[in-house]
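J.: return atomic coordinates for the entry below.
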Amino acid sequence: MRMGMSIVENNAFSLPDGYPTLHENSSWWHAITLAANRAKEALPHAEVRVERARQLVLDGRIEIVHSSLAKVTSSRGTFYTSLINGDCTCVESGRRNTWCHHLIATWLYCSCRLYLQVVQPSS
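T.: Residues are numbered from 1 along each chain as shown. Sure, this is the predicted structure:
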C-alpha cells in the first residue's frame with residue numbers, strides 16, 4: 001500500500017442496490033468536494049492528480065466491479081484498481097511511490113459513497 005493510506009476501511013466495499021447516481025443526487029457534489037479537499041491535504045504534492053481524479057468521479061467513470069476491484073475508464077484506457085492493496089494496472093502507478101489518479105479517483109468515489117450512506121442512510 002502506498003503512502004500508508006487504505007482505500008476503504010476493513011479492506012472491502014460494497015454498494016447498496018439502487019443507490020442514486022452522481023447526477024441524481026446534488027449531495028454528490030458536496031461529498032466529492034469534501035473528499036477531494038481531504039485528498040489534497042493528505043497528498044499536497046498531487047493536487048493535479050487529485051483534480052484529474054475528481055473529474056473522473058464527476059464524469060461517472062468509476063465502477064465497482066467486485067468488492068475488492070474497481071474499473072476506472074480514463075482518456076488513456078480502462079484500468080483496474082484494487083480496493084485491498086492500492087494497486088492499479090496503469091503504467092503511471094508503477095513509476096511512482098504514490099497513488100496514480102486512478103487510485104485517487106477510486107478513493108474519492110468510495111469515500112463519497114460511504115459519506116452519503118452515513119449522512120443520508122437509505123430507508
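
J.: which stretches of this structure form helices?
T.: Secondary structure of the chain by DSSP state H: the helices cover 27-42, 47-58, 91-95, 101-119.

J.: would you turn those into JSON lines with mean neighbour count?
T.: Where you see a C-beta, it was placed from the backbone N, CA and C, and this is true even at glycine. Listed next are these as JSON lines, based on neighbours: other C-beta atoms under 10 Å:
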{"stretch": "helix 27-42", "mean neighbour count": "17"}
{"stretch": "helix 47-58", "mean neighbour count": "19"}
{"stretch": "helix 91-95", "mean neighbour count": "13"}
{"stretch": "helix 101-119", "mean neighbour count": "22"}
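
J.: Ala70 is nearest to which of these?
T.: helix 101-119 (4.5 Å; C-beta to C-beta).

J.: which elements pack onto that closest one?
T.: Here helix 101-119 touches helix 27-42, helix 47-58, strand 62-66, strand 69-74, strand 77-82, helix 91-95, going by 3 or more C-beta pairs under 8 Å, 6 or more residues apart in numbering; DSSP states H and E.

J.: alpha carbons of the second one, as CSV, please.
T.: Read that as helix 47-58. Output in CSV follows, covering the C-alpha atoms of helix 47-58 (Å, rounded to 0.1, in the frame of the first residue of the first chain):
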residue,chain,number,x,y,z
GLU,A,47,-3.0,18.4,-6.4
VAL,A,48,-3.2,18.0,-10.2
ARG,A,49,-3.8,14.2,-9.9
VAL,A,50,-6.5,14.9,-7.3
GLU,A,51,-8.3,17.2,-9.7
ARG,A,52,-8.0,14.7,-12.5
ALA,A,53,-9.3,12.0,-10.2
ARG,A,54,-12.2,14.3,-9.1
GLN,A,55,-13.2,14.8,-12.7
LEU,A,56,-13.2,11.1,-13.4
VAL,A,57,-15.7,10.7,-10.5
LEU,A,58,-17.8,13.6,-11.7
